[in-house]
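**Student:** need coordinates for the below:
(2 chains)
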Amino acid sequence: GAVVSQHPSWVICKSGTSVKIECRSLDFQATTMFWYRQFPKQSLMLMATSNEGSKATYEQGVEKDKFLINHASLTLSTLTVTSAHPEDSSFYICSAPMGGTSNEKLFFGSGTQLSVL
Amino acid sequence: KQEVTQIPAALSVPEGENLVLNCSFTDSAIYNLQWFRQDPGKGLTSLLLIQSSQREQTSGRLNASLDKSSGRSTLYIAASQPGDSATYLCAVGPNHNAGKSTFGDGTTLTVKP
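**Tutor:** Okay, here's the model as predicted:
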């Protein structure tokens, strides 16, 4: 099956620092990738849609200057949490649709647990 | 706005039992429905994808059904094993955009040896 690699799997940082999370599609090209946030025992909330070669589309209530998304190639999207604060601590997961179009089966990365001290 | 509910929130069964997980959704105008498995602290693994025109999908010991008109899907797990212990999420996809799927909160399954 398709593989989506997400790195790092966990990160601990001080308040005020920026953290970059990478999401790679290893065996297929993805013009679109998705970034989610998940709180303990809750479901996934879509944060933004990452579009290769163009600006990301953010969901309502998500600060685009806080969560910078870059999709520079067909296999890599990055999420940078800028000036992280404790309330940004969460589990972040990316996904990519197999086949590249947005209506295909979703494959997920393994997630990144962010802890901001 | 689509709402997805999964009942029960947690389920514990002895090994070998057959079980059913439920997923209900409020808006029947869906494109597809996908069942996922999530292990603690991990990402999601796709189990089954049902297109809106389909009634069910099967993979090994798993069978997922879809009744779009009543807004329900079930995931049937046959002959459960301790390795099946995980959280199972269903996600309902709107037209042509899997990424905007609405996820349920999941059912946490524990299969006891």
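
**Student:** what number of residues lie near residue A:20?
**Tutor:** Residue A:20 has 15 neighbours, counted by other C-beta atoms under 10 Å in any protein chain shown. The way it works is simple: take the backbone N, C-alpha and C, and place the C-beta from them, glycine included.

**Student:** that one contacts residue A:77, doesn't it?
**Tutor:** No - in this structure residue A:20 lies outside contact range of residue A:77 using C-beta atoms under 8 Å: 11.1 Å.

**Student:** residues near residue A:60, how many?
**Tutor:** Per other C-beta under 10 Å, the neighbour tally for residue A:60 reads 4.

**Student:** assumed it was part of a helix.
**Tutor:** No - read with DSSP: H, G, I helix; E, B strand; the rest coil, residue A:60 is coil and lies in no helix.

**Student:** so which helix or strand takes in residue A:47?
**Tutor:** Assigned by DSSP states H and E, residue A:47 falls within strand A:44-51.

**Student:** likewise residue B:22?
**Tutor:** Per DSSP H and E: residue B:22 is located in strand B:19-25.

**Student:** ok, the helix or strand following that strand: who's next to it in the sheet?
**Tutor:** Going down the chain from strand B:19-25, the next helix or strand is strand B:32-38, by DSSP H and E. With DSSP bridges as the test, strand B:32-38 is paired with strand B:44-51 (antiparallel), strand B:86-93 (antiparallel).

**Student:** identify the residues contacting residue A:53.
**Tutor:** A:31, A:71 (C-beta atoms under 8 Å, 6 or more residues apart in numbering or on different chains).

**Student:** give me the three-state assignment for it.
**Tutor:** The three-state label given to residue A:53 by three-state DSSP is coil.

**Student:** before we move on, what about residue B:83?
**Tutor:** Per three-state DSSP, residue B:83 ends up helix.

**Student:** report the beta-bridge partners for the nearest residue to it once chain neighbours are set aside.
**Tutor:** Nearest residue to residue B:83 in three dimensions, chain neighbours excluded: residue B:111, at 7.7 Å (C-beta to C-beta, 6 or more residues apart in numbering or on different chains). Going by DSSP bridges, residue B:111 is paired in beta bridges with residue B:13.

**Student:** ditto for residue A:80
**Tutor:** Applying DSSP bridges to residue A:80 gives these bridge partners: residue A:20, residue A:68.

**Student:** where does it land on pLDDT?
**Tutor:** What the model reports as pLDDT for residue A:80 is 97.

**Student:** please tell me how far it sits from chain B.
**Tutor:** 19 Å (C-beta to the nearest C-beta, to the nearest Å).
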